[in-house]
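Asker: Generate a structure from the sequence data that follows.
(2 chains)
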Amino acid sequence: MIEVLNLTKRYGETAAVADVSFRVEPGQVLGFLGPNGAGKTTTMRMLAGFLTPSEGAARICGHDIVMDSLAARRRLGYLPEGAPSYGEMRVGEFLGFIADVRGMQPARRRQRLEDVQARLDLGGVWRQTIDTLSKGFRRRVGLAQAILDDPPVLVLDEPTDGLDPNQKHEVRELIHAMRDKTVIVSTHILEEVEAVCTRAIIIDAGRIVADSTPQALLARSRYAGAVSVRAAHPAVVRDRLLGIGGVAEVEVEGDRVVALAQPGVEILTAIEQCLRADNVEVFELSRERGRLDDVFRSLTKPDTRAHRPAWHAGQESPA
Amino acid sequence: MNGTTAVFRRELASYFVTPVAYVFIVIFLILAGAFTFYLGAFYERGQADLQPFFTFHPWLYLILVPALSMRLWAEERKGGTVELLLTQPLSLAAAVLGKFLAAWSFAAIALALTVPLWFTVGYLGEPDHGVIAAGYVGSALMAGAFLAVGSALSAATRSQIVAFILTVVVCLALLLAGLPLVLDAFRALGLPQAVIDAIASLSFLTHFGAIGKGVLDLRDVLYFLVMIVFFLYATVLVIELKKAD
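Answerer: Now for the predicted structure:
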C-alpha cells in the first residue's frame, strides 16, 4: 500500500510537486500521467527515498519514507527513469549484485534470479555485458531489477519509454501479471493507461488535476459518445449531421466527420437512420468512447484546446 | 554490512573489467621504480633500505590516486546509477564505505606489487624489515586518506575531470600544509600562531615522514584514520546535498 499525504517538493521558490495526496491499495495499478516536467519523476523519486520531501509525508506499507526509509525501501521495487544500470557488468552479475545489496539468502537468491530470468526472457543475454544490449533488453534488465526481491510495492518510471510496440506489449503483460501488488506506473503514453491501469492520476505543474478511473476520464472527453463517419463526401455528411437533434458540434478531419454529442445524449441511432434514409454513401460508422489525449490536453493546458474546423449546430456552414 | 560487502565487491570487480586497473598498476609500478632508482639513487646511496622508494610516494599518489578516486561517485551520478544504488535498502554510509574500501583495496594491491623491491633490498643487504613494514603501512594509510578526499570531491561533481583536478589541488594543499610555501601565506593573513601550528599539523608529509622513518607512532596512524573518517563523512553529506540536481 502507498499512502501519500500533502507531499511537496520545492526547489527555491518553485514547487516541483505541490500538495499531492493519494492512496494506492494492493491490487491497484495507478497510472501517473502528466506533461514532461509536471512532477511525476520528482514524486516517484520521493517515494523511492531518493529525494527528501520539503513538506508532507508518504508511507510504503505503513513505513514512513523519511523516518523509516530503509524499511520502506525494502518493500519497494523501483525502476528509475531511463532504467539506469551498470553498463560494464553482465546481466547476471548485475542482478546478482542487486540481490546481494538487498541481502537475499542464497536459496531465495537463486530462485528469484531464475524467476526473473524466465519472466523477462533474459536467458539469452544473461552473460552479455549490459552496454552491448539493445534498448528493449536494457529496459527489461531494469524491470528485472525492480521485481527481483518480489516487493509488495512497485514504482515504475516510464517503463515503456522508447520501446517498440512488441516490447511495449510485453512490458504491459508483465505489469498485468503483477496485479496483486501495489503498482504506480508513470507514462505519457495515454493508450497505456487504458491498457494497464485501474486508476489514473493526471498531474500538471506539480498538482493533481484529475484522479479517476480511465473509463471515467474518457467520459469527460468532448468525444465521449461522439460518432465518427467516414464518407466519400464529408461536406454532405456534415450538413446532414448538423440537422440531427442531440448533435452539439461537427468536426471534419480529412474524409472523416465527427459529430460530438450533447452531454448524455446517444446520437448513434439517429445518425445511422438519417444517413440511411437520405442514402448517403458511408464507408464506416463508429461510436467513440472518448479520447484520453483530449482530456489530457484540456486538463493540463486549458487555454490551447485543439483548433479544428468546427461548426456549431444551427450555424450556417461556410460555402 | 551485507550492503557494504556487495558494493565493495561490485566496485572492486569493476576496476578489472576495464583497462583502467591494468593501466594504473603498470604506470604506478613504472613510476615507483623510476623514482626509486633514478631520482632516489637507490644503488648509489649504498644503503640497504627503501627510503628512496617511500620518499616519492606522496608525489606519486598526488597524481595517481585522484585518477582512481575521480570515478567513485561522479560516474554514478553521470550514468544515473546513483539513483538505482541509493534507492536500494542500503544506508548511504554503507554505500560510501563499500566504494571507498574497494578503491583502497585496489590501491593496496598496486602497492603490494612493489614487494619485489623489498626482496631486492633484502638480497642486497641487511635492511631493517620493521622500518620497511612501517613504510608500507604508512604508505597505505596515506593512499587511503588521499582516496577519502577524492571520494568527497568526486561526489561533488558529475564530471570526472573536475573531480580529478579538485582532488589534486586539495591533496597538494594537504601535502604542503607543513611547508613555508603554505604557512607563510596563512601568516600573511595575520592568523595567530596556534592556527598556523594547527594547519602545519595537518600536513600529510609530516605524518608520513615520521612513519617512513620506522616510527609507527599511534598519533600518525590516528591522524590518517581520522582524515579518512572525516572525508568519508563529508562524502555522505555532499551526496545528500547534491542528490536533488
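
Asker: State the mean pLDDT of the lengthiest helix in chain B.
Answerer: Scanning chain B for the longest helix, with DSSP state H as the assignment, gives helix B:129-155. When pLDDT is averaged over helix B:129-155, the result is 92.

Asker: That helix near chain A at all?
Answerer: No. Helix B:129-155 lies out of reach of chain A by C-beta under 8 Å from any C-beta of the partner chain, never closer than 14.9 Å. For glycine as for every other residue, the C-beta is placed from the backbone atoms N, C-alpha and C.

Asker: residue contacts, residue B:203?
Answerer: By C-beta atoms under 8 Å, 6 or more residues apart in numbering or on different chains, the contact list for residue B:203 reads B:174-179.

Asker: about what we covered before: report all helices and strands that the longest helix of chain B contacts.
Answerer: helix B:51-55, helix B:57-69, helix B:71-79, helix B:92-112, helix B:115-124, helix B:160-176, helix B:204-212, helix B:218-242 (3 or more C-beta pairs under 8 Å, 6 or more residues apart in numbering or on different chains; DSSP states H and E).

Asker: Tell me what angle the last one forms with helix B:71-79.
Answerer: What that stands for is helix B:218-242. Counting by axes from the mean of the first three to the mean of the last three C-alpha atoms, to 10 degrees, helix B:218-242 lies at 0 degrees to helix B:71-79.

Asker: Which one of the helices and strands packed on helix B:129-155 lies nearest to chain A?
Answerer: helix B:71-79 (5.9 Å; C-beta to the nearest C-beta).

Asker: residues near residue 238, how many?
Answerer: In the absence of a named chain, chain A is used. Residues near residue A:238, counting by other C-beta atoms under 10 Å in any protein chain shown, number 20.

Asker: To clarify, I was referring to chain B.
Answerer: 20.

Asker: so what's it closest to, chain neighbours aside?
Answerer: The spatially closest residue to residue B:238, leaving aside those adjacent along the chain, is residue B:155, at 4.2 Å (C-beta to C-beta, 6 or more residues apart in numbering or on different chains).

Asker: tally of neighbours for the one you found?
Answerer: For residue B:155, the neighbour count with other C-beta under 10 Å is 27.

Asker: Spit out the contact partners of residue 209.
Answerer: You didn't say which chain, so I picked chain A. Here residue A:209 is in contact with A:202-203, A:299-300 (criterion: C-beta under 8 Å, 6+ apart).

Asker: Could you export the strand or helix carrying it as PDB, CA atoms only?
Answerer: Following DSSP states H and E, one finds residue A:209 within strand A:207-212. What follows is strand A:207-212, C-alpha atoms only, in PDB (Å, rounded to 0.1, in the frame of the first residue of the first chain):
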ATOM      1  CA  ARG A 207      -0.600  19.400  -8.700                       C
ATOM      2  CA  ILE A 208      -3.200  16.700  -9.100                       C
ATOM      3  CA  VAL A 209      -5.800  17.800 -11.700                       C
ATOM      4  CA  ALA A 210      -7.700  14.500 -12.000                       C
ATOM      5  CA  ASP A 211      -7.900  11.300 -10.100                       C
ATOM      6  CA  SER A 212     -10.200   8.700 -11.500                       C
END
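
Asker: what's the next secondary structure element after that strand?
Answerer: Following strand A:207-212 in sequence, per DSSP H and E, is helix A:214-219.

Asker: Which other helices and strands does that following helix contact?
Answerer: Using 3+ C-beta pairs under 8 Å, 6+ apart: helix A:214-219 touches helix A:190-196, strand A:199-204, helix A:292-300.

Asker: Can you list the buried residues in the strand holding residue A:209?
Answerer: Going by neighbour count (16 or more other C-beta atoms under 10 Å in any protein chain shown), the buried part of strand A:207-212 is A:208-211.

Asker: ok now that strand, how far from the chain's centre?
Answerer: What separates the centre of strand A:207-212 from the centre of its chain is 13 Å, taken as C-alpha atoms, centre = their mean, to the nearest Å.

Asker: Also stretch B:217-236?
Answerer: 11 Å.

Asker: Would you confirm that residue A:38 contacts residue A:201?
Answerer: No. Using C-beta atoms under 8 Å, residue A:38 makes no contact with residue A:201, being 10.6 Å away.

Asker: ok, for the most centrally placed residue in chain A, nearest residue in space, not its chain neighbours?
Answerer: Nearest residue to the geometric centre of chain A (C-alpha atoms, centre = their mean): residue A:193, 3.7 Å. Leaving aside its chain neighbours, residue A:193 sits nearest to residue A:31 (4.0 Å; criterion: C-beta to C-beta, 6+ apart).

Asker: ok, now residue A:23?
Answerer: Excluding its sequence neighbours, the residue lying closest to residue A:23 (C-beta to C-beta, 6+ apart) is residue A:3, at 5.1 Å.

Asker: Same question for residue B:98.
Answerer: The nearest residue in space to residue B:98 (C-beta to C-beta, 6+ apart) is residue B:7, at 2.9 Å.

Asker: List the buried residues in the strand or helix carrying the one you found.
Answerer: Element membership for residue B:7, per DSSP H and E: helix B:2-17. Using 16+ other C-beta under 10 Å as the test for burial, helix B:2-17 gives B:3-4, B:6-12, B:14-15.

Asker: what angle sits between it and helix B:57-69?
Answerer: Using the same axes, to 10 degrees: helix B:2-17 against helix B:57-69 is 100 degrees.

Asker: quick one: contacts of helix B:2-17?
Answerer: Under C-beta under 8 Å, 6+ apart, the answer for helix B:2-17 is A:86, A:88-89, A:93, A:97, A:100-101, A:103, B:21, B:24, B:85, B:88-91, B:94-95, B:97-99, B:101-103, B:105-106.

Asker: Report the buried members of those.
Answerer: A:86, A:89, A:93, A:97, A:100-101, A:103, B:21, B:24, B:85, B:88-90, B:94-95, B:97-99, B:101-103, B:106.

Asker: that older thread, distance of the residue nearest to residue B:98 from residue B:61?
Answerer: The gap separating residue B:7 from residue B:61 is 24 Å, by C-beta to C-beta, to the nearest Å.

Asker: got it, and residue B:242?
Answerer: 26 Å.

Asker: Low-confidence regions, chain A specifically.
Answerer: Applying pLDDT under 70 to chain A flags residues A:302-319.

Asker: residues in it within reach of chain B, list them.
Answerer: Residues of chain A found near chain B (C-beta under 8 Å from any C-beta) are A:11, A:45, A:48-51, A:70-71, A:73-74, A:76, A:78, A:80-82, A:84-89, A:93, A:97-98, A:100-103, A:145.

Asker: Give me the PyMOL select line for the residues you listed, limited to the buried ones.
Answerer: In PyMOL syntax, the buried subset of those is picked out as below (16+ other C-beta under 10 Å):
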select buried, chain A and resi 45+48+49+50+51+71+73+74+76+78+80+81+82+84+85+86+89+93+97+98+100+101+102+103+145
